[in-house]
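Student: need coordinates for the below:
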Amino acid sequence: MLKYDHQLTEVKSRLPAANRILIVLPQNLNVDNLAAGLSLYLSLKGTGKKVDIVSTGTPQVSQSNLYGIGDIKHDISKAGAGNFII
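Tutor: Numbering: from 1, shown residues only. The predicted model follows:
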C-alpha cells in the first residue's frame, strides 16, 4: 500500500459529484508544483468542471512558458460559495 492510497481513493470517489473545485498552490512556487497544479487544473477543466487555481505566490518570468499560467488567481471568488471539503 502506497503512502497516499487512502487519500487518492477518497479524491476519486468525490470528484464525479464535485461541480466546483479549488486547487491551492503554495506561496513558494517552483516549476514542479506549478506544472502539477496546472496539469490537474487543465484536466479537470477539460471535463467541464468549474475549477479555480490560486496562489499567494507570484510565478517567475522563467515559468511563464507553462500553459495555463495566466489562469492562476491571487484570491478566491466568493460567488457561488458552497461546502468546502478538504
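
Student: in stretch 31-41, what's buried?
Tutor: 34, 37, 38, 41 (16 or more other CB atoms under 10 Å). (C-beta placed from N, C-alpha, C; glycine too.)

Student: tabulate those residues (JSON lines), appending secondary structure, pLDDT and distance to residue 62.
Tutor: Shown next, in JSON lines, are the buried residues of stretch 31-41 (DSSP: H, G, I helix; E, B strand; the rest coil; pLDDT from 0 to 100; distance: CB to CB, whole Å):
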{"residue": "34", "secondary structure": "helix", "pLDDT": "93", "distance to residue 62": "11"}
{"residue": "37", "secondary structure": "helix", "pLDDT": "94", "distance to residue 62": "17"}
{"residue": "38", "secondary structure": "helix", "pLDDT": "95", "distance to residue 62": "15"}
{"residue": "41", "secondary structure": "helix", "pLDDT": "95", "distance to residue 62": "20"}
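
Student: of these, closest to residue 2?
Tutor: The shortest approach to residue 2 among the buried residues of stretch 31-41 belongs to residue 37, at 20.7 Å (CB to CB).

Student: for the residue nearest to the spatial centre of the chain, which non-adjacent residue is spatially closest?
Tutor: Compute the mean C-alpha point of the chain, and by CA atoms, centre = their mean the closest residue is residue 23, 2.5 Å away. Nearest residue to residue 23, sequence neighbours excluded (CB to CB, 6 or more residues apart in numbering): residue 53, at 4.4 Å.

Student: what strand or helix carries the one you found?
Tutor: Using DSSP states H and E, residue 53 sits in strand 50-54.

Student: same thing with residue 66?
Tutor: Residue 66 belongs to no helix or strand when assigned by DSSP H and E.

Student: is it in contact with residue 35, as I believe?
Tutor: Yes: assessed by CB atoms under 8 Å, residue 66 is found in contact with residue 35 at 6.2 Å.

Student: residue contacts, residue 24?
Tutor: Applying CB atoms under 8 Å, 6 or more residues apart in numbering to residue 24 gives the contacts 53, 54, 55.

Student: among these, who's most crowded?
Tutor: When neighbours are counted by other CB atoms under 10 Å, residue 53 leads the contacts of residue 24 with 22 neighbours.
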